[in-house]
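sequence first, predicted coordinates after that:
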Amino acid sequence: MIVTVFNGSPRGHRSNTHRIVEPFLEGATDAGARTEEVFLVECDIQHCLGCFSCWGRTPGQCVHHDDMPSLLERFVDSDYVGLATPVYGMLMTAILKNFTERLLPLNTPHIHRDEDGRFYHEGRWKRLPRMFMIANAGFPGGHNFELLKAYMASQDPVLEVYRDCGELLGNLEDLGDPGAKKRVADFYEALRSAGREMVASGEVTTITIDRIHSQFMPEEDYMDMVNRSWDEVDTA
Ligand SMILES: Cc1cc2nc3c(=O)[nH]c(=O)nc-3n(C[C@H](O)[C@H](O)[C@H](O)COP(=O)(O)O)c2cc1C
C-alpha cells in the first residue's frame with residue numbers, strides 16, 4: 001500500500017503542515033504502508049495553460065515539460081493521497097492549488113452526473129486513490145476551514161484534519177502552558193493513530209478524529225499569546 005502526501009506550504013520542511021504530516025505518515029508506515037511526503041515548493045510545476053491538449057491532441061499528456069509527469073505517476077500509483085496545506089486567505093496555498101489544477105490529465109473531458117445531481121469528469125484511470133486533507137490555520141476556531149471543507153466534499157475524503165491554532169505546533173518547547181503542551185503532544189499521538197487506522201482498516205475512528213480536533217487552549221488565551229509575541233518582534 002502506498003500513501004503519498006503533497007505538502008503545499010511554502011515553508012516546506014520547516015512548515016507546521018510538515019509537523020502534522022510527519023507523525024501521520026509514521027503511523028501509516030507502522031501499519032505497513034510505503035509513504036512519501038512531496039514538498040511541492042521544491043518542484044517545478046508550471047501553471048495550467050487551459051489549452052485542453054491533455055484532453056484532446058495528446059490525451060493524458062500536458063504540453064509543459066516540468067516535474068508534473070512524475071508527480072502524476074506518484075499520484076496514480078498511490079492508494080491514498082493527502083493534500084496538505086496551511087490556510088491562506090481561507091483557502092489552500094497557491095502552490096497546492098496550482099498542483100491540483102495540473103491534475104487535469106487524470107480526467108477525460110466527458111461529463112457525467114452523480115446520484116446527487118453533481119457533474120464530474122470521468123477519470124482516465126479505472127482506479128484512483130482515496131483522498132484525504134491535512135490543513136492548519138493560524139487563527140483559532142473552525143471558521144477558517146469552511147471553504148476547504150466545501151472543496152473536499154466532492155472528493156469523498158477518508159480523513160480531514162483541520163488544525164486551528166497552527167502556530168502552537170512548532171513551539172512545543174517554548175510553550176509555557178503545560179496543559180496546552182500536553183494537548184499538542186496528544187495531537188501528534190492521535191495523528192500516528194490516524195495513519196495506522198487508515199492503512200489498517202481504510203477508515204479513521206471518530207475517537208481519533210475527535211482527539212485530532214481537541215482544543216489546544218481557549219481562543220482568547222491563544223489570541224493574547226500570538227498578539228504578545230508579535231508585540232515583542234524587534235522592528236528596528
Ligand atoms: C499569506 C498568508 C495568508 C494566511 N491566511 C490565513 C487565513 O486566512 N486564516 C488563518 O487562520 N491563517 C492564515 N494564515 C496563517 C497560516 O495558516 C499559519 O501561519 C500556518 O500555521 C502556516 O502553516 P505552515 O507553516 O505549514 O506554512 C496565513 C498566512 C499567510 C502567510
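Okay, I see it.

which residues of the protein lie near the ligand?
For the chain, the residues in contact with the ligand (C-beta under 6 Å from any ligand atom) are 9, 11, 15-17, 86-90, 136-139, 144, 166-167. For glycine as for every other residue, the C-beta is placed from the backbone atoms N, C-alpha and C.

quick one: which of the residues you listed sit in helices?
Judged by DSSP state H, helices contain the following of the residues of the chain next to the ligand: 16, 17.

show the buried residues in the residues of the chain next to the ligand.
Among these, those that count as buried by neighbour count (16 or more other C-beta atoms under 10 Å) are 9, 15-17, 86-88, 136-137, 139, 144, 166-167.

redo those as TSV? Include pLDDT.
Output for these, formatted as TSV (pLDDT from 0 to 100):
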residue	pLDDT
9	98
15	98
16	97
17	98
86	98
87	98
88	98
136	98
137	98
139	97
144	95
166	95
167	90
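
list just the nearest of those residues to residue 235.
Taking C-beta to C-beta as the measure, residue 235 lies nearest residue 167 of these, at 18.9 Å.

I'd say the closest one and residue 137 touch.
No. Residue 167 is not in contact with residue 137 according to C-beta atoms under 8 Å; the separation is 9.4 Å.

torsion angles phi and psi at the residue nearest in space to the middle of the chain?
With distances taken as C-alpha atoms, centre = their mean, the chain has residue 84 as the residue nearest its mean C-alpha position (1.8 Å). Taking degrees, to the nearest 10, you get phi -120, psi 130 for the backbone angles of residue 84.

tell me, how many residues neighbour the closest residue to it other than its chain neighbours?
The shortest distance from residue 84 to any residue that is not its chain neighbour, by C-beta to C-beta, 6 or more residues apart in numbering, is 4.1 Å, and that residue is residue 134. Here the count is done by other C-beta atoms under 10 Å, and residue 134 has 25 residues near it.

and the strands in the chain?
When secondary structure is read from DSSP state E, the chain shows strands at 2-7, 34-39, 80-86, 107-113, 119-123, 130-136, 159-163.

quick one: residues in contact with the first one.
Just to be clear, that refers to strand 2-7. For strand 2-7, the surrounding residues in contact (C-beta atoms under 8 Å, 6 or more residues apart in numbering) are 15, 17-18, 21, 24-25, 28, 33-41, 71, 74-75, 77-85, 96, 99, 129, 134, 195, 198-199.

pairing partners for that strand, with directions?
When pairing is defined by DSSP bridges, strand 2-7 lines up against strand 34-39 (parallel), strand 80-86 (parallel).

quick check: which of the ones you listed is buried the most?
Greatest average neighbour count among the strands paired with strand 2-7 goes to strand 80-86 (a mean of 25), per mean count of other C-beta atoms under 10 Å.

that one: how far from the chain's middle?
Centroid separation between strand 80-86 and its chain, computed with C-alpha atoms, centre = their mean, to the nearest Å, is 2 Å.

export that strand as CSV, just CAs?
Taking only C-alpha atoms (Å, rounded to 0.1, in the frame of the first residue of the first chain), the coordinates of strand 80-86 have been written out as CSV:
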residue,chain,number,x,y,z
TYR,A,80,-4.2,7.2,-0.6
VAL,A,81,-3.3,10.7,-1.5
GLY,A,82,-3.2,13.6,1.0
LEU,A,83,-3.4,17.2,0.1
ALA,A,84,-1.7,19.2,2.9
THR,A,85,-1.7,22.9,3.3
PRO,A,86,-1.7,25.9,5.6
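
okay, the angle between that strand and strand 130-136?
Between the direction of strand 80-86 and that of strand 130-136, the angle (axes from the mean of the first three to the mean of the last three C-alpha atoms, to 10 degrees) works out to 20 degrees.

neighbours of the nearest residue to residue 199 once chain neighbours are set aside, how many?
Nearest residue to residue 199 in three dimensions, chain neighbours excluded: residue 31, at 3.8 Å (C-beta to C-beta, 6+ apart). Other residues lying near residue 31 total 18 when counted by other C-beta under 10 Å.
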